[in-house]
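Asks: Predicted structure and sequence below. I'll ask about it afterward.
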Amino acid sequence: TQWDLVRGALAQLLPAHEQLIDQAAQGAVVHNDDTTMKLLELTAEQRAAALGEDAKGRTGVFTSGIVSIGEGRKIALFFTGARHAGENLAEVLKRRAAQLPIPIQMCDGSSSNTAGDFETLLGKCNAHGRRKFVELAELFPEQVRFVLETLREVYKSDAEARTRELSPAERLRLHQRESAPRMAALKEWMDRQLTERLIEPNSQLGEAIRYLQNHWEGLTLFLRVQGVPLTNNITERALKRAIVHRKNSLFYKTLNGAKAGDVFMSLIYTAELNGVNPFEYLTALLRHRLELAERPGEWMPWNYQTTLERLSAGPDPPA
């Protein structure tokens, strides 16, 4: 059956997936988020037994997305089960080398993204906060315009840093020079709206402002620390893969099926993030499964082609 083929390939691909997790743990920046998922286990008892200890006191199933960035490489990981995104990130970071500095974490304000025992420099997603004002543009056009125009200028400065290929230190100085005054003006404006009761605090606009105020420290981390991204958009794009799969296949039948899907999605999307054809990459891994099992670090999307070239050239001549 099709599942037999997937299961057979899965066993051969696991060394590459484990290596991805190991290398993702070493990233300088880790993004995370999650989305709901569904397991079509026959009964609630079967589902709870499959999820094990993670299911205690919980009724939901989630797919977490983690995108790790370091040394110019991007690694996407997916995990499906009862754990929240922060708990899955904690498991990944257990593999982090002790001598490395604390990583930067980028996520939205959901508490599920920080659940778990781990230490990061926590940045919050400006796009998530901005979206709350976009949704209110028709109801509060004047107030929303100021917020969106301010954030637009911050985004423009970040785009300039990418265009000019600035180093992290240069990018930080650019934002401190151009974005810091804008963000300070935005904070002053928000504080005035509520303290002077220029808007109703319990209105939708008031709630959007309080969201930014409550997460201001993380939203402005990019003004104080090198390399902090403005948004968590890269993880939201990654999770769209899980959402599309959820819609197209009408969920997973079992937790084993979900884990297989996580492995394949992790390998496929990591290949895409690094400009590699996923079909060609997976084909190479399966054809060289013995070599993969022996040296998985040589079969990552960014170096497997070099490994193939070395193998095709034959063994090195004796010394």
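Replies: Perfect, thanks for sending it.
Asks: from here on, contacts and neighbour counts on C-alpha atoms
Replies: Noted.
Asks: lowest-confidence helix or strand of the protein?
Replies: helix 44-51 (a mean of 66; mean pLDDT, DSSP states H and E).
Asks: Give me the distance between the helix or strand following that one and the centre of its chain.
Replies: Next helix or strand after helix 44-51 toward the C-terminus (DSSP states H and E): strand 61-70. Strand 61-70 sits 4 Å away from the centroid of its parent chain (Cα atoms, centre = their mean, to the nearest Å).
Asks: who does whatever helix or strand comes next after strand 61-70 touch, helix- and strand-wise?
Replies: Where DSSP H and E defines the elements, the next helix or strand beyond strand 61-70 is strand 73-81. For strand 73-81, the helices and strands in contact under the criterion 3 or more Cα pairs under 8 Å, 6 or more residues apart in numbering; DSSP states H and E are helix 2-24, strand 61-70, helix 255-273.
Asks: Mind listing residues that contact strand 73-81?
Replies: For strand 73-81, contacts defined as Cα atoms under 8 Å, 6 or more residues apart in numbering pick out 20-21, 24, 37, 51, 54, 61-69, 88, 238, 255, 258-259, 262-263, 265-267, 269-270, 273-274, 302.
Asks: what ranges do the strands span in this protein?
Replies: With strands called from DSSP state E, the chain shows them at 29-37, 61-70, 73-81, 104-107, 121-124.
Asks: circling back: return the most buried member of the helices and strands packed on strand 73-81.
Replies: Comparing the helices and strands packed on strand 73-81 by mean neighbour count (mean count of other Cα atoms under 10 Å), strand 61-70 comes out on top with a mean of 24.
Asks: Pull up the pairing partners for that one, direction included.
Replies: strand 29-37 (antiparallel), strand 73-81 (antiparallel) (DSSP bridges).
Asks: Can you say which of those is nearest to Glu294?
Replies: Closest to Glu294 of those, according to Cα to Cα: strand 73-81, at 21.2 Å.
Asks: Low-confidence regions, the stretch 51-200 of the chain specifically.
Replies: Under the criterion of pLDDT under 70, the regions of the stretch 51-200 of the chain flagged as low confidence span 53-57.
Asks: which residues of it fall in helices?
Replies: Listed in chain order, the helices of the stretch 51-200 of the chain (DSSP state H, counting those that start in this stretch) span 85-93, 126-134, 141-163, 168-195.
Asks: closest to Gln99 out of those helices?
Replies: helix 85-93 (12.8 Å).
Asks: The helices of the stretch 51-200 of the chain: which one's closest to Ile234?
Replies: Here helix 126-134 is closest among the helices of the stretch 51-200 of the chain (Cα to Cα), at 11.1 Å.
Asks: Now do that closest one and helix 141-163, the angle between them.
Replies: Per axes from the mean of the first three to the mean of the last three Cα atoms, to 10 degrees, the angle that helix 126-134 makes with helix 141-163 is 160 degrees.
Asks: mind listing what's buried in helix 126-134?
Replies: 126-130, 132-133 (16 or more other Cα atoms under 10 Å).
Asks: Who are the packing partners of it?
Replies: helix 141-163, helix 204-214.
Asks: quick one: contacts of it?
Replies: Contacts for helix 126-134 (Cα under 8 Å, 6+ apart): 108, 144, 147-148, 151, 205, 208, 211-212, 219, 230-233.
Asks: redo that, cut-off 10 Å
Replies: The contact list for helix 126-134 (Cα atoms under 10 Å, 6 or more residues apart in numbering) reads 106-109, 139-141, 143-145, 147-148, 151-152, 155, 204-205, 207-209, 211-212, 215-216, 218-220, 229-233.
Asks: With mean neighbour count added, can I get the helices and strands packed on helix 126-134 in CSV?
Replies: Formatted as CSV, those follow (neighbours: other Cα atoms under 10 Å):
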stretch, mean neighbour count
helix 141-163, 15
helix 204-214, 17
